[in-house]
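sequence first, then the predicted structure, then my questions.
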Amino acid sequence: DAEITQSPRHKITETGRQVTLACHQTWNHNNMFWYRQDLGHGLRLIHYSYGVHDTNKGEVSDGYSVSRSNTEDLPLTLESAASSQTSVYFCASITPPAPTGELFFGEGSRLTVL
Amino acid sequence: AQKVTQAQTEISVVEKEDVTLDCVYETRDTTYYLFWYKQPPSGELVFLIRRNSFDEQNEISGRYSWNFQKSTSSFNFTITASQVVDSAVYFCALKQTSGSRLTFGEGTQLTVNP
């Protein structure tokens, strides 16, 4: 079955370290997203991509970057992790056509920055 | 700018009670989509419903029903005869048709006690 997977599912790191969260989907969806979930804030959009080599900033993009070298993957990088980036991160992709499509989420990656 | 507000942070009910989760949204678009997602304690995000702005008919799916009122910019979700398995965080979300990004509300934690 086609799916969307995230790794690692849990990670503990130290302030200042670089961290990359992987997201891989097998549906060949063009549109992919990264959200973070924090209590009291719901899910907030970090970055998104509408296709290969396309990346866009969301509402909470500071301190994060993404790259899209192929359709299947959208890795999220924290260049220098901060304690404020402790959160649960969700990757998602949307079925085409995007305006009416359904958003499918990965299982989430829980990141703790000490 | 889009905004989704779920004013109820937490709701606690006793099994078999009916419960309504409120969702109010703001958008300048005339065409948009509204969603509800469920996040059980296991953490995954489960799609429940998508409704476009042209369709104001209420929808019922088993014990779940949704009341979309464009005049009040609300898309409320009712669970009839609640069960312990309904305990979860529920998110309301809004999507423009011009793009594919979803804007989420803060979520409502529903606890159904036996």
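On my side now, so go ahead.

what's the nearest residue to the residue of chain B found nearest chain A if we skip its chain neighbours?
Residue of chain B nearest chain A, by Cβ to the nearest Cβ: B:S100 (3.6 Å). Glycine gets a C-beta too; all of them are placed from N, C-alpha and C. In this structure, B:S100 finds its nearest non-sequential neighbour in A:A98, 3.6 Å apart by Cβ to Cβ, 6 or more residues apart in numbering or on different chains.

pLDDT score for that neighbour?
pLDDT, A:A98: 70.

how about A:Y64?
So A:Y64 comes in at 98 (pLDDT).

number of residues surrounding the residue lying closest to it once chain neighbours are set aside?
Distances taken as Cβ to Cβ, 6+ apart place A:I46 nearest to A:Y64, at 5.2 Å, with adjacent residues excluded. A:I46: 25 surrounding residues under other Cβ atoms under 10 Å in any protein chain shown.

low-confidence ranges in the chain?
Answering for chain A, as no chain was given. Low-confidence segments of chain A (pLDDT under 70): A:1-2, A:99.

chain B, not that one
Using pLDDT under 70, chain B drops low at B:99.

give me every residue in it lying close to chain A.
Neighbours of chain A within chain B, by Cβ under 8 Å from any Cβ of the partner chain: B:4, B:6, B:9, B:33, B:35, B:43-45, B:47, B:50, B:52, B:91, B:93, B:95-107.

in chain A, what residue is nearest chain B?
Taking Cβ to the nearest Cβ as the measure, chain A has A:A98 as its residue closest to chain B, at 3.6 Å.

my read: that residue touches A:Y48, true?
No: the criterion here is Cβ atoms under 8 Å, and A:A98 misses it with A:Y48 at 10.6 Å.

which one's more surrounded, those two?
Relative neighbour count places A:Y48 above the other of A:A98 and A:Y48, with 25 against 19, counting by other Cβ under 10 Å.

contacting residues for the closest residue to that one other than its chain neighbours?
Of all residues not flanking A:Y48 in the chain, A:F33 sits nearest, at 4.5 Å (Cβ to Cβ, 6+ apart). The neighbours of A:F33, taking Cβ atoms under 8 Å, 6 or more residues apart in numbering or on different chains as the test, are A:45, A:47-49, A:58, A:74, A:91-94, A:103, B:101-102.
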